[in-house]
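[1] For reference, the sequence and a predicted model appear below.
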Amino acid sequence: MRDDNCIFCKIAAGEIPSKTVYEDETFRVIMDLGAASEGHALILPKDHYANVLELDEAIAAKVLPLAGKIARAMKKGLKCDGLNLVQNNGETAGQTVMHFHLHMIPRYKGGCEVIEWKPGSPTPEELEAAAEKIKAEL
Ligand code: 5GP
Ligand code: ZN
């Protein structure tokens with residue numbers, strides 16, 4: 001499954017060069033060209049899925065084990081202090097390349113900011129209403 005207009009399909013297939021740190025039959029892990037920090041990498045499935053809503057469940061089940069493997073290598077190799085996993089879905093959420101990818105962003109004390117949000121203060125009723133809207137669709 002691929003989308004001929006998708007740059008990450010081409011990168012995942014090796015048709016466009018990338019700095020690859022890991023590859024298997026399902027995934028390619030590349031260095032992000034716009035790295036937020038030293039070692040910022042992207043996990044790309046080789047098949048095209050626009051986002052997590054479309055991602056095949058069997059592939060989804062392999063994403064976090066791979067992220068753990070890469071994270072352990074980042075911790076040892078880069079000596080990072082922590083890391084963020086970031087995964088954007090939809091333009092409103094900041095997704096710019098519409099091929100599922102998981103950002104792995106090493107964090108260093110005093111280094112870049114990644115995602116910061118101001119905690120809100122929903123009422124118990126608002127939490128309940130939002131939960132019910134989700135539960136109704138499960
Ligand atoms: P998004 O905003 O969709 O979650 O993230 C897309 C990411 O892909 C960005 O961090 C951007 O720097 C990276 N990116 C976009 N085009 C390329 C490319 O051609 N090669 C690589 N290695 N990274 C890319
Ligand atoms: Zn694609």
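    That came through, no problem. Numbering: from 1, shown residues only. Ligands and ions are numbered 1, 2, ... in the order given.
[2] so what's residue 92 up against?
    Applying C-beta atoms under 8 Å, 6 or more residues apart in numbering to residue 92 gives no contacts. (Each C-beta comes from the backbone N, C-alpha and C, glycine too.)
[3] Also residue 97?
    By C-beta under 8 Å, 6+ apart, the contact set of residue 97 is 6, 7, 8.
[4] Using TSV, lay out those residues together with pLDDT, distance to ligand 1 and neighbour count.
    Converted to TSV, the contacts of residue 97 look like this (pLDDT from 0 to 100; distance: C-beta to the nearest ligand atom, whole Å; neighbours: other C-beta atoms under 10 Å):
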residue	pLDDT	distance to ligand 1	neighbour count
6	98	11	15
7	98	5	13
8	98	8	23
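[5] so which of those comes closest to residue 83?
    Distance to residue 83 across the contacts of residue 97 (C-beta to C-beta) is lowest for residue 8, with 21.0 Å.
[6] is it fair to say that closest one lies in a helix?
    Yes - judged by DSSP: H, G, I helix; E, B strand; the rest coil, residue 8 forms part of a helix.
[7] Around the residue nearest to it when sequence neighbours are not counted, count how many other residues there are.
    Spatially, and ignoring its direct neighbours in sequence, residue 8 is nearest to residue 99 (3.6 Å; C-beta to C-beta, 6 or more residues apart in numbering). Using other C-beta atoms under 10 Å, residue 99 has 22 other residues around it.
[8] can you list the residues of the protein near ligand 1?
    Contact residues, the chain versus ligand 1 (C-beta under 6 Å from any ligand atom): 7, 11, 18, 30-34, 88, 94-97.
[9] Report the two of those separated the most.
    Within the residues of the chain next to ligand 1, two members stand farthest from each other by C-beta to C-beta: 18 and 94, at 21.0 Å.
[10] the more surrounded of the two?
    Counted by other C-beta under 10 Å, residue 18 and residue 94 do not tie: residue 18 has more neighbours, with 18 against 10.
[11] which residues does the residue positioned nearest the centre of the chain bridge with?
    For the chain, residue 102 is the residue whose C-alpha lies nearest the centre (C-alpha atoms, centre = their mean; 1.4 Å). Taking DSSP bridges, one obtains residue 43 as the residues bridged to residue 102.
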